[in-house]
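Asks: Structure of the sequence below:
(one chain, ligands or ions: 2)
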Amino acid sequence: MIRNFIKKVLRRSPDVPVGKLRVVPASQHGIHPDAISPCALRVTKTLQEAGFKAYIVGGAVRDLLVGNEPKDFDVATDATPDQVRRLIRRSRVIGRRFQIVHAMCHDEVVEVTTFRGSAREDDRQQTDEHGRLTRDNVFGSIEEDAARRDFTVNALYYDPIRNEVLDYFHGVADVHAKRLTMIGDPATRYREDPVRMLRAVRFSAKLGLKLDPATQAPIRELADLLLNVPESRLFDEILKLLLSGHAHACVARLRAEGLHHDLLPLLDLILDQPQGEKFIRQSLENTDRRVSEDKPVSPGFLFATLLWHPVLDAWKKRQAAGERPMPALFEAMSDILETQRRKLAIPRRYDAVMKEIWSLQPRFEQRSGQRPFRLLEHPRFRAAYDFMLLRADSGEIDESIADWWTDFQQVGLEEREAMLIAEEKPKRSRRRGRR
Ligand code: ATP
Ligand code: MG
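Replies: Ligands and ions are numbered 1, 2, ... in the order given. Predicted coordinates for the structure are as follows:
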């Protein structure tokens, strides 16, 4: 009775999850306010002092609970974007449909979002025929805001001033139990937004959380819904997955959950390349290692590795048909980029880097005369060299070439001269003499 009454009052449909607030004290959450960035702290304080609710929310709270360093801080508040704008001096409103505010400090931007309401709270048609949410832009209460988030561990609100966590869906308990649980009915939530299936895989691999059985169960059956997701959104999500620092584990998990064939062409490319398998595996492991060492990873480099074996095949075919090596390589690159574009939606902005890395590869075989010196000075040398190391590691080219280039970079000029292939040496000194 009472439940029905509350539901009516809130005008919610029965499948909107209802949470129950638990205030988790410091002794149980273990987060230290010092772990919050000064910018996020300042924004939260300013809003609270003006009488609004304001919390650190989402990924940052989750990461702190798990013991990882958050990569950015988001704030959720009951102040409207306009009110936030007026209170925070250096800030601007962005977005049209659902406005958020970017608060800017020295080198940091904090995203401030007004609590969002449930999109299903009135009678308007807000899902498409597959159950996908098409309207998602109304302000709401903190309870509603929590209910529309995906996983319990992502629906935690940290108040750095009171040093307590507001938890509506047992998120803290789930972190402690190392469990990833969808809020509400998992199948409904995947229908609303199929990308949540990919997020489930990414978070579980990245944070070492086990998928709760009910959260995992519908994935295989609903996998096809990914076909309705716009290509660019899928691309962004796959990129996050590949750059998560746990690409290798994510890819294995996607395969295990049945989330690849024809749904994610980019992943089919990773999983279905017999000749390139070792190369790609090493490339993903290498990417994960770089992320864990806080080194930059370039998506262009990663895509160049994923497409290398198809390029190599096309290149060989053209040479076998009598084309000269370099023109054949350029044609092969264009062919592959053209055909992949239709399937994979890798944006054009990565083309230049990929082409440069690929077209520099044959030059590592030329170790005489002036050429190695020129290659060393090429702005893209470092990426091309790293790429070549992967080729050597996977057995595609001779280890000795990789070793030669590693040595060549480390030794002084005289030793470099001595390393050049003997018969070409005179040519080099002549040329240098002429300059
Ligand atoms: P990270 O940024 O580390 O990938 P995150 O949890 O911060 O993880 P974001 O994509 O930045 O992920 O989203 C911020 C928050 O917004 C999430 O924690 C979650 O609460 C909510 N959210 C994001 N995407 C969805 C979604 N597809 N469905 C429901 N809630 C979502
Ligand atoms: Mg985030």
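
Asks: From the centroid of the chain, which residue is nearest?
Replies: The residue lying closest to the centre of the chain (Cα atoms, centre = their mean) is Lys240, at 1.1 Å.

Asks: Report the contact partners of that one.
Replies: Going by Cβ atoms under 8 Å, 6 or more residues apart in numbering, Lys240 touches Arg202. Any C-beta I mention is one placed from the backbone N, CA and C, and that applies to glycine too.

Asks: does Tyr157 sit in a helix, a strand or a coil?
Replies: Three-state call for Tyr157 (DSSP: H, G, I helix; E, B strand; the rest coil): strand.

Asks: so it makes contact with Glu143?
Replies: No - using Cβ atoms under 8 Å as the test, Tyr157 is too far from Glu143 to be in contact (10.7 Å).

Asks: For burial, what's the neighbour tally of the residue in the chain that ligand 1 sits nearest to?
Replies: The minimum distance from the chain to ligand 1, using Cβ to the nearest ligand atom, falls at Gly59 (2.3 Å). Neighbour count of Gly59, defined by other Cβ atoms under 10 Å: 18.

Asks: Val411 too?
Replies: Other residues lying near Val411 total 12 when counted by other Cβ under 10 Å.

Asks: Contact partners for the closest residue to it other than its chain neighbours?
Replies: Distance criterion Cβ to Cβ, 6 or more residues apart in numbering; nearest residue to Val411, sequence neighbours excluded, is Met419 at 7.1 Å. By Cβ under 8 Å, 6+ apart, Met419 lies in contact with Arg367, Trp404, Asp407, Phe408, Val411.

Asks: The same query, at a cut-off of 10 Å, please.
Replies: By Cβ atoms under 10 Å, 6 or more residues apart in numbering, Met419 lies in contact with Arg367, Ser368, Pro372, Trp404, Trp405, Asp407, Phe408, Val411.

Asks: Okay, and the residue nearest to the centre of the chain sits in which element?
Replies: Assessed by DSSP states H and E, Lys240 sits inside helix 231-242.

Asks: now Val101
Replies: Counting by DSSP H and E, Val101 is found in strand 100-104.

Asks: tell me how far the ends of stretch 42-58 are from each other?
Replies: Counting by Cα to Cα, to the nearest Å, you get 18 Å between the two ends of stretch 42-58.

Asks: same thing with stretch 25-40?
Replies: 20 Å.

Asks: again, but for stretch 160-173
Replies: Using Cα to Cα, the span of stretch 160-173 from its first residue to its last is 20 Å.

Asks: Do any residues in it lie close to ligand 1?
Replies: No - Stretch 160-173 does not reach ligand 1 (Cβ under 6 Å from any ligand atom); its nearest approach is 9.8 Å.

Asks: next one: the helix holding Lys240 to chain centre, how far?
Replies: Centroid separation for helix 231-242 versus its chain: 7 Å, with Cα atoms, centre = their mean, to the nearest Å.

Asks: got it, and stretch 49-67?
Replies: Remark: stretch 49-67 is offset 21 Å from the chain centroid, using Cα atoms, centre = their mean.

Asks: swap in stretch 73-89?
Replies: With Cα atoms, centre = their mean, you get 27 Å for stretch 73-89.

Asks: What residues of that stretch count as buried?
Replies: Buried positions in stretch 73-89, judged by neighbour count with 16 or more other Cβ atoms under 10 Å: 73-79, 81, 83-85, 87-88.

Asks: Tell me which entries of these lie within strands.
Replies: Asp74, Val75, Ala76, Thr77 (DSSP state E).

Asks: picking up where we left off before, quick one, which of the contacts of Met419 are buried?
Replies: So, by 16+ other Cβ under 10 Å, the buried ones in these are Arg367, Pro372, Trp405, Phe408.
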